[in-house]
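Undergrad: here's a sequence, model it:
(3 chains)
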Amino acid sequence: MDAILDILNELNPDVDYRDRTDLVDSRTLDSLTIITLVSELEDAFDITIPAVEVVPANFNSLEGMWKMVERMRESGL
Amino acid sequence: MKSYFSLTVLALFLPATMLCYQLMPRRLRWLVLLAASYIFFWSISGKLLVFLLISTGTIWLAGIGLDRLLRERASRLRAPGANRRDIKRRYARYMRFVLAAGLVVNLSMLFAFKYLSFAQRLLAPLATPLLAHAGITFPQEAVALAAPIGISFYTLQAVSYLIDVHRQSISADRNPARLALFLSFFPLIMEGPICRYGDTAQALWAGRPITAENISRGGMRILWGLAKKVIVADRVNLLVKTVFEQYGSYDGGVIALAAVLYTVQLYCDFSGTMDFVMGCGRIFGVTLPENFKQPYLSRTASEFWQRWHITLGTWFRDYVFYPLSLSKPVKRLTSAARKAFGNRMGPLAASGVALLAVWLGNGLWHGAGGQYVLFGLFWFVAIWIGGLTEPFAQALCERLRIDRASMPYRVLQHVRTLAIIFVGELIFRAQGGSAALGMLGKLLGGFTLESFANGTVLGLGMDAADFVCVGIAVAVIVAVGILRERGVSLTTWFWSHNAVTWSAAVCALAIIAVIFGAYGAGYVPVDPMYASF
Amino acid sequence: MRLPQPLRFVLRLCIAVAIFLGLLAITSRIVMPKNNQDEFGQMDSAANGILGEPADSIDVVFLGDSESYTAFSPLQLWHERGITSYVCGTAGQPLPYTYSLLGKALSKQSPNVVVLETNCLFRDFTPGFALLRAAQDAFPVLEYHNRWKSLRVEDLTTAPRTTWTHSLKGFSIKRDTVAADASGWMAPSDELADIPILNRWYLEQINRLCREHGATLVLVSTPSTVNWNTPRHNRVAQLAADLDIAYYDLNTGSTRVDIDWTQDTCDGGDHLNIRGAQKVTTAMGSILGERSELTSHAGDGAYVSWDEAYAVYARQLEQ
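TA: Residues are numbered from 1 along each chain as shown, chains lettered A, B, ... in the order given. Below you'll find the predicted structure:
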């Protein structure tokens, strides 16, 4: 999860991502940022994230992102 | 019925529907809504109802088909000795085929009704000589088909339903009548919002009883929307029409005024209609998504589209932007761009492709004309450049020690964004692509305050009293908006107080609308802009 | 004592409605024109001029759209037949408005005959418009709300009066001549033109209102190549028979008026000009003269103002 936090901090250092559960709903992460984030996550964890996974539930919090990354790793596409 | 704010709807149709709804047993209330919606549709578009039925039927069938394929796939996968990869790939192909079939049927109906004559006009210079060689004459006269009401809205809802079933975010609806209600619900049919099946459908069938609180809060909201439309939108209409239809006769200052007033008109008309829609939703116990969240408080171009016509923006984001930017070819482009421009610039630059598709789509969705393409391109540039220059702006402000959270900076952002908005709406309202460019030219090249100084602006359809009225109304609307931004709901506040306060508020609002409304002799009724989609 | 929720809500609603109606009445009183003239903000002042006529002095009231005020000249009718009349016609008059104007006229006048020009029977209007018109009659603020821009102190202090009347009694002189294409006009046909149910209902209400005030309703179709045709004639003839109303079609049959379509129309057959109007008014005069309800007031001292008005009219015609 720290790796994800690093990526996020690099994208926008002004935000504290740790205890938030509303990153998408509060528009802290907008669609362009999410695309960049997806690209970075795919590179960092060697996974493929399909469009169907880009939903608020998966990106609203660090936990959501981490769970999604694990799921993608498991399904080993 | 050309608008929801007609006496026929407010005094006859809506109360009758509410009465029948409440009298029905809970399980059957959704049928009342369905019947009312179809009657409403019929009264506007008559026999074109058949196209709504075709859309509903094909989408329902496709949904069922996808559902069946999914179940077949599941059972095949469970069978012993199954070749998992092979089965998955085969069924993915079948499902894509069913999805494509459903989308093609519905989108081509939309294309035929909305874009045929535009495409014809565009292709004519090329196609006529080419086809002439083959002995075929390309039709010169524009083929304009009267479109069924709401086709742009219900088609998008149908597409979103089918894609969501394909993505397995929702399961298909076995009941065609219930799906029909989702696609035809009368408050949504004229101007949206564009709803998601997963969020809205359940509530439509729940048959929640109409409560006193819901009538009061919903009714108050409808009244507020009526006031906005009738006092502001209808009042500025004549001036806006006059200037936009004959822009050549007016200087840059007048054109700027018309752009500003048109934006005000569009906001009051469209959000006023949304107030009616939300009020209706509340009355029938259905929570509909907001389409407006104080868009005049936006600080950036991209924030504006998260506050204006929100459901259209999210539709394009979820069904065009993400699928495109996460598709294989664009992902490859993104990787290449990341290597060339770095980890931040790269993806931004590459997602420009998807963003362009979104904005061309958004522009064209609004209408088949050059000005709509320009409109889309304008916002694409504004948002994309905004995104690309953001890191530079950040660095520059740090270097110059400008505090981006300070009041002066934020005011600057507000003003800049408002300017972008006004220019965008100028393009939108122009009577065609060349008119849009012409008006922009006059605005930027020939801007002068002369018409304000010599009083010309008071003779275009609004007199001094009208301007004062609009000014005060806009101030009130913004004040209410700021309250909403802070989470204060006035409808709740008034409902929670005693009967006299509530009654006084409702009466005050109603009598103000009666006196200051721009209706009757001397006013030109507004063609509901979004209802021709 | 806390009332149950639904009851509390009904109470709120009643209070709100009561306050609202009260406010409508007060604001109506304020914005209503304080006299029935243009200068006071009166709409359709020509038609509303009938309210300025002395009570019970009008024998015939003409109603209808622009066909009526371009074709019927009350002062000519006075001169030829000694019958007093007034044209309460307005542009594009829809039947709910006809009903309203008739009601206003009957509040001060007791005509023997009410003539309705039939073009407005075929004019569409929505139920919403009919509702709005009824609401405007009850609360004039819905019609005159725009006067907020021109309110004066006297709007708060004085009561509305009606002292003005139109110099030509609601008639409008059209002097232009634009020839009409009369080919195909009143071509024979067995069809019946469609008439919306709501229009038929309003016709019945107008008929009833006339009867209640002791007036006889009469239907008349003025000559027009643009607006009138045989299917419409057939429909109105049928309606008139159903409702037992006399119907005179000046386009055809025994009541046909000999219109010269190259000289007598001001806009290519849509409306008559002054020459056409003179022919139609003379024809109306003989139709009305045959009816038992009307008697001539010529020479009656009480109607001297009509002689004076006619003198002014005659001078206007000579110009």
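Undergrad: which non-adjacent residue is nearest C:Ile30?
TA: C:Asp155 (5.5 Å; CB to CB, 6 or more residues apart in numbering or on different chains). C-beta: built from backbone N, CA, C; applies to glycine.
Undergrad: I figured that neighbour hits C:Thr27, correct?
TA: No - taking contacts as CB atoms under 8 Å, C:Asp155 lies outside contact range of C:Thr27: 10.7 Å.
Undergrad: which intervals of the chain have sub-threshold pLDDT?
TA: No chain specified, so I'll use chain A. A:76-77 (pLDDT under 70).
Undergrad: wait, chain C was what I had in mind.
TA: Low-confidence segments of chain C, defined by pLDDT under 70: C:1-4.
Undergrad: repeat that for 50
TA: Counting by pLDDT under 50, chain C contains no low-confidence range.
Undergrad: hey, where'd the helices end up in it?
TA: Under the criterion DSSP state H, chain C contains helices at C:5-31, C:45-48, C:66-71, C:74-81, C:95-108, C:127-138, C:141-144, C:153-157, C:197-212, C:230-243, C:274-290, C:304-318.
Undergrad: what's the most buried one of those helices?
TA: Mean neighbours per residue, mean count of other CB atoms under 10 Å in any protein chain shown, is largest over the helices of chain C for helix C:66-71, with a mean of 27.
Undergrad: who touches that helix?
TA: C:46-47, C:62, C:87, C:89-93, C:117, C:119, C:170-172, C:174, C:222-224, C:227, C:266, C:271-273, C:276-277, C:280-281 (CB atoms under 8 Å, 6 or more residues apart in numbering or on different chains).
Undergrad: looking at those, which are in strands?
TA: C:Phe62, C:Val87, C:Gly89, C:Glu117 (DSSP state E).
Undergrad: including neighbour count and distance to chain A, could these go into TSV?
TA: Formatted as TSV, the ones in strands among the contacts of helix C:66-71 follow (neighbours: other CB atoms under 10 Å in any protein chain shown; distance: CB to the nearest CB, whole Å):
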residue	neighbour count	distance to chain A
C:Phe62	29	67
C:Val87	30	66
C:Gly89	27	61
C:Glu117	27	64
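Undergrad: among the residues you listed, which one lies nearest to A:Ile4?
TA: Of all the ones in strands among the contacts of helix C:66-71, the one sitting nearest A:Ile4 is C:Gly89; the distance, using CB to CB, is 79.2 Å.
Undergrad: quick check: bridge partners of the closest one?
TA: Beta bridges link C:Gly89 to C:Gly64, judged by DSSP bridges.
Undergrad: stretch B:188-196 near chain A at all?
TA: No - shown here: stretch B:188-196 not in contact with chain A (CB under 8 Å from any CB of the partner chain), separated by at least 11.4 Å.
Undergrad: what residues does the stretch 251-400 of chain B have near chain A?
TA: Counting by CB under 8 Å from any CB, the stretch 251-400 of chain B sits next to chain A at B:302-303, B:306, B:317, B:321-323, B:325-327, B:331, B:334-335, B:338, B:343-344, B:346-348, B:351, B:354-355, B:387.
Undergrad: and chain B, by the same measure?
TA: Counting by CB under 8 Å from any CB, the positions of chain B adjacent to chain A are B:167-169, B:302-303, B:306, B:317, B:321-323, B:325-327, B:331, B:334-335, B:338, B:343-344, B:346-348, B:351, B:354-355, B:387.
Undergrad: ok, now how distant is the residue in the stretch 201-319 of chain C positioned nearest to chain B from C:Arg208?
TA: Here the stretch 201-319 of chain C gets closest to chain B at one residue, C:Trp201, 15.5 Å apart by CB to the nearest CB. According to CB to CB, to the nearest Å, C:Trp201 and C:Arg208 sit 11 Å apart.
Undergrad: tell me the buried residues in stretch C:171-183?
TA: Going by neighbour count (16 or more other CB atoms under 10 Å in any protein chain shown), the buried part of stretch C:171-183 is C:Phe171, C:Ser172, C:Lys174, C:Ala180.
Undergrad: send me it as CSV with only the CA atoms.
TA: In CSV, the C-alpha atoms belonging to stretch C:171-183 read as follows (Å, rounded to 0.1, in the frame of the first residue of the first chain):
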residue,chain,number,x,y,z
PHE,C,171,-64.0,48.8,-35.9
SER,C,172,-60.7,49.2,-37.8
ILE,C,173,-60.5,50.9,-41.2
LYS,C,174,-58.2,49.1,-43.7
ARG,C,175,-57.4,51.2,-46.7
ASP,C,176,-55.0,49.0,-48.6
THR,C,177,-55.9,46.9,-51.6
VAL,C,178,-54.1,43.7,-52.4
ALA,C,179,-56.0,41.4,-54.8
ALA,C,180,-56.9,37.9,-53.8
ASP,C,181,-56.8,34.7,-55.7
ALA,C,182,-60.4,33.5,-55.5
SER,C,183,-60.0,30.3,-57.5
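Undergrad: so C:Pro33 makes contact with C:Leu51?
TA: No - using CB under 8 Å, C:Pro33 is not in contact with C:Leu51; the gap is 11.1 Å.
Undergrad: specify the local secondary structure of the residue of chain A found nearest chain C.
TA: Closest contact between chain A and chain C, by CB to the nearest CB, is at A:Asp25 (33.7 Å). Assigned by DSSP: H, G, I helix; E, B strand; the rest coil, the conformation of A:Asp25 is coil.
Undergrad: that one against A:Val55, yeah?
TA: No - with contact defined as CB under 8 Å, A:Asp25 does not reach A:Val55; the gap is 11.6 Å.
Undergrad: for C:Gly214, what are its contacts?
TA: Neighbours of C:Gly214 in contact, by CB under 8 Å, 6+ apart: C:Ser110, C:Asn112.
Undergrad: center of chain A - which residue?
TA: Chain A has A:Met65 as the residue nearest its centroid, 4.5 Å off, counting by CA atoms, centre = their mean.
Undergrad: what does chain C put close to chain B?
TA: When proximity is defined as CB under 8 Å from any CB, chain C approaches chain B at C:5-6, C:8-9, C:11-12, C:15-16, C:19-20, C:23-24, C:27, C:31, C:43, C:126-129, C:131-132, C:141-143, C:145-146, C:148-149.
Undergrad: would you list the phi and psi of the closest residue to B:Ile189 other than its chain neighbours?
TA: Distances taken as CB to CB, 6+ apart put B:Gly150 closest to B:Ile189, at 3.8 Å, once the chain neighbours are dropped. Taking degrees, to the nearest 10, you get phi 70, psi 10 for the backbone angles of B:Gly150.
Undergrad: quick one: pLDDT of B:Gly150?
TA: Looking at B:Gly150, its pLDDT reads 92.
Undergrad: helix or strand for the residue in chain B positioned nearest to chain A, just tell me which one.
TA: Residue of chain B nearest chain A, by CB to the nearest CB: B:Pro347 (3.9 Å). Assessed by DSSP states H and E, B:Pro347 sits inside helix B:328-366.
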